[in-house]
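Chemist: predicted structure and sequence below. I'll ask about it afterward.
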Amino acid sequence: MLSSILELLLVAASVTPALGFCGSHTHLQRRAEEGEAVPISTFGYIGDIGPHNWAALDAANSACATGTRQSPINMVEGQFQIVAGTDVTLTIPDQTEGIEFENLGTTVEGVMEGSGATMVLNGEEYELMQFHFHHPSEHLDNGTSIAMEMHMVFQTAEEQLAVIGVYVDLDTGVASAAAPAAKRRHPQPDHSLWKKQAEAVSQMQITAAADNGAVTSTMLETLFQSVEEIATPGTKVTTQPLIMSELVETLKLGNFEAYSGSLTTPPCSEGVNWMVATQRVQISTASFERVRNVVKFNSRFTQNALGSPNVVSLSAGAAAVAEPVAAA
Ligand SMILES: *[C@@H]1O[C@H](CO)[C@@H](O)[C@H](O)[C@H]1NC(C)=O
Ligand SMILES: [Zn+2]
């Protein structure tokens, strides 16, 4: 199993490196200096600038309409291979000073470049550049859409991309573990809050139910306390301290569904190593609503099965055939 994954990754590695990231501006250059404006995306999710028309926005986006290994996909048997959570070495330091959280217009994104967060997969070291969110989920879990999906975007020194997708579900039961303090305009690291969170996490039983039960994410609850402060595209805020180890431990409880796909945003470049986690996380309805009110809708439609014709090119062909009939 692992050797076939390696093969998949080697094939992927030979593809031209992508120029951008899923839902993000390019991080190939060193991260913007403090004070530099947050770039706002020029594509969107509705109408003329929406995903059915991304290829028309820029010649560089042609893969969006012609690629045959496009993401997201319906995650059904045969589309992916299983990689055990314990076979992926994830190292994400706790962010005691908080992180920069930005509104790109198309998503909200936490900047991680330079934080020392890495993933080792089949001997390749990747650096975590950023993570961002889609509402609703982009991948379908055996046909079902989930409330949200987090994408953790990694890159090797050779600019090979890997993205961990994590389904974010709604908390169906009791309130979440931590009760983060009230938001502040210019938050400084709050070490009493930090202590409270750490206690909450250590008391929390990070256990996965046999039926893929989601684990409450203190990290996301804390992060989303800041989301209303970046309601306007182009704005950013420094978050409260974030305990990343909780997420790492949670992901280890499950497996990853691995396949070679594409960026889910323009330029839709292929050769992206996707790892969709079977272990879900969950957030409170209140947090979900806060994020939804800012992000609104930012999910690319489900792409065709891997290796099948691109659905945009299929519908363009159908239109060309239908036209003379309509004219007649
Ligand atoms: C996926 O869905 C199909 C049809 O709804 C069902 O028969 C199958 O058992 C599901 N597979 C898994 C792994 O849940
Ligand atoms: Zn994404």
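Modeler: Yep, it's here. Ligands and ions are numbered 1, 2, ... in the order given.

Chemist: make it CA atoms for all contacts and neighbour counts henceforth
Modeler: Fine.

Chemist: so the residue nearest the centre of the chain is in which element?
Modeler: For the chain, the residue nearest the mean C-alpha position is His151 (1.2 Å; CA atoms, centre = their mean). Element membership for His151 (DSSP states H and E) is strand 148-155.

Chemist: what packs against that strand?
Modeler: Counting contacts by 3 or more CA pairs under 8 Å, 6 or more residues apart in numbering; DSSP states H and E, strand 148-155 is packed against strand 124-134, strand 161-170.

Chemist: coming back round to it: contacting residues around the closest residue to the residue nearest to the centre of the chain other than its chain neighbours?
Modeler: In space, His151 comes closest to Gly165 once its chain neighbours are excluded; the distance is 4.7 Å by CA to CA, 6 or more residues apart in numbering. Each residue near Gly165 by CA atoms under 8 Å, 6 or more residues apart in numbering is listed here: 149-152, 274-277.

Chemist: and the residues you listed, which is closest to Leu253?
Modeler: Ala277 (9.6 Å; CA to CA).

Chemist: name whatever forms a beta bridge with that closest one.
Modeler: Note on Ala277: beta-bridge partners Phe256, judged by DSSP bridges.

Chemist: pull the contacting residues for it.
Modeler: With contact taken as CA under 8 Å, 6+ apart, Ala277 is in contact with 164-167, 251, 254-257.

Chemist: turn the contacts of Gly165 into TSV, columns for pLDDT and distance to ligand 2.
Modeler: Listed next are the contacts of Gly165 as TSV, based on pLDDT from 0 to 100; distance: CA to the ion, whole Å:
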residue	pLDDT	distance to ligand 2
Glu149	98	8
Met150	98	7
His151	98	5
Met152	98	8
Trp274	98	11
Met275	98	12
Val276	98	12
Ala277	98	14
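
Chemist: gap between the two ends of stretch 37-45?
Modeler: Using CA to CA, to the nearest Å, the end-to-end distance of stretch 37-45 comes to 23 Å.

Chemist: just grab the bridge partners of the residue nearest to the centre of the chain for me.
Modeler: Beta-bridge partners, per DSSP bridges, of His151: His132, Gly165.

Chemist: go on, Asn74?
Modeler: Leu140.

Chemist: what sits against Phe80?
Modeler: Phe80 touches 257-259, counting by CA under 8 Å, 6+ apart.

Chemist: pull the number of nearby residues for the closest residue to Leu220 other than its chain neighbours.
Modeler: Distance criterion CA to CA, 6+ apart; nearest residue to Leu220, sequence neighbours excluded, is Ile283 at 7.0 Å. Neighbourhood size, Ile283 [other CA atoms under 10 Å]: 25.

Chemist: could you do Gly213 as well?
Modeler: The tally of other residues near Gly213 (other CA under 10 Å) stands at 15.

Chemist: what's the spacing between it and Met75?
Modeler: Using CA to CA, we find Gly213 at a distance of 18 Å from Met75.

Chemist: now swap in Ile230 and tell me
Modeler: Separation of Ile230 from Met75 (CA to CA) stands at 32 Å.

Chemist: show me where the stretch 51-200 of the chain has its helices.
Modeler: 54-57, 63-66, 191-203 (DSSP state H, counting those that start in this stretch).

Chemist: and the ones you listed, which one is worst for confidence?
Modeler: Ranked by mean pLDDT, the helices of the stretch 51-200 of the chain end with helix 191-203 at the bottom, a mean of 60.

Chemist: so what strands line up beside whatever helix or strand comes next after it?
Modeler: Later in the chain than helix 191-203, the nearest helix or strand by DSSP H and E is strand 215-216. Strand pairing for strand 215-216, using DSSP bridges, gives strand 281-283 (parallel).

Chemist: show me what the partner strand is in contact with.
Modeler: Residues outside strand 281-283 that contact it (CA under 8 Å, 6+ apart) are 166-171, 176, 214-217, 220-221, 250.

Chemist: can I get those residues in TSV including pLDDT and neighbour count?
Modeler: Formatted as TSV, the contacts of strand 281-283 follow (pLDDT from 0 to 100; neighbours: other CA atoms under 10 Å):
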residue	pLDDT	neighbour count
Val166	98	23
Tyr167	98	27
Val168	97	27
Asp169	96	24
Leu170	96	18
Asp171	92	20
Ser176	42	17
Ala214	89	23
Val215	91	26
Thr216	92	30
Ser217	95	26
Leu220	98	21
Glu221	97	22
Thr250	95	21
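
Chemist: which of the residues you listed sit farthest apart?
Modeler: Farthest pair in those (CA to CA) is Val166 and Ser176. Separation: 18.2 Å.
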